[in-house]
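> The sequence and its predicted three-dimensional model are supplied below.
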Amino acid sequence: MAIHPTAIVDPDAEIDSTAEVGPYCIVGHGVHIGARTRLMAHNYLEGKLTVGEDNVFFPFSSCGVAPQDKKYRGEPSETRIGNGNSIREFVTIHRGTQGGGMVTSIGDGNLLMAYVHVAHDAIVGNHTILANSVTFAGHVVVDDYANIGGHCGIHQFCRIGRFAMVGSYSVLNQDVLPFSTIATTREVKVFGANRVGLERRGYSSDAIETLQTLFRILTRAGLNTTQAVSRIQEELPQTAEVVEVLEFIGNSRQGFVK
């Protein structure tokens, strides 16, 4: 395997023979690195950490270290990273805690741009884009294909739904509905369906227009949430996307952005 002579690798670390560990990297005890994953240079990885295949860690990223949580007492929590992720410069990913399920998890095919911070017990799905300096507090959930603009701050326990687009510099303390586009102006608002993102993923014009109508009823019809949900159930076709949004509303712990 390709391990640069300046790298420091714990003898108990497990590294696939096709992986690459570049100059000045440190790979600690309990780290597992899958096939064709590349640590470019100056990366710090600490266990218990499992990294899948075909990931690229750009210089100065740090992964698997203890969380910034005063309740953490050294419990053997872990970090899991899937396949095909791009972890850019100065990204920090912290392991889980006893109070949050013991795992911080990142799925497959994600792009974490420079300075992204993924805190303890966060769950990031697949094919998300986290732009520069996005910062997650603990216990955040990000569903598949979400796109979060640069310099956003996400509060503890918030959930970002599938195909949501969050505008840059937004500060979120509530959940973001799937398929929606939101941004902070003086307050965070829903601006309608994430039309461009849905078109790129092959959603039909009828499906997108149904979602547009759903968001108009939910945010601009002068109804409370219960009234809006009832009207959506009565007037709109109950497509898979509509059902997903309604289930998301029903399961929201923090309230959601309207």
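That came through fine. Numbering: from 1, shown residues only.
> confidence score at the nearest residue to residue 9 once chain neighbours are set aside?
Excluding the flanking residues, the one nearest residue 9 by CB to CB, 6 or more residues apart in numbering is residue 27, at 4.6 Å. The way it works is simple: take the backbone N, C-alpha and C, and place the C-beta from them, glycine included. Note on residue 27: pLDDT of 98.
> Also residue 99?
87.
> hang on, it in a helix?
Yes. Assessed by DSSP: H, G, I helix; E, B strand; the rest coil, residue 99 belongs to a helix.
> Look at the residue nearest to it when sequence neighbours are not counted and tell me its secondary structure.
Leaving aside its sequence neighbours, residue 99 sits nearest to residue 71 (CB to CB, 6+ apart; 6.1 Å). Classification of residue 71 using three-state DSSP returns coil.
> which intervals of the stretch 51-200 of the chain have sub-threshold pLDDT?
Low-confidence segments of the stretch 51-200 of the chain, defined by pLDDT under 70: 185-188.
> count of neighbours near the residue nearest to residue 99?
Neighbours of residue 71 under the rule other CB atoms under 10 Å: 12.
> That one: what's it in contact with?
Going by CB atoms under 8 Å, 6 or more residues apart in numbering, residue 71 touches 97, 98, 99.
> Roughly how far does the residue nearest to residue 9 sit from residue 214?
Using CB to CB, to the nearest Å, we find residue 27 at a distance of 48 Å from residue 214.
> tell me, what residue is most central in this protein?
residue 124 (3.3 Å; CA atoms, centre = their mean).
> Would you mind giving both backbone torsions of that one?
Here is the backbone geometry of residue 124 (degrees, to the nearest 10): phi -110, psi 130.
> Pretty sure it sits against residue 142.
Yes. Between residue 124 and residue 142 there is a contact at 4.7 Å, judged by CB atoms under 8 Å.
> what residues are shared contacts of those two?
Common neighbours of residue 124 and residue 142 (CB under 8 Å, 6+ apart) are residue 130.
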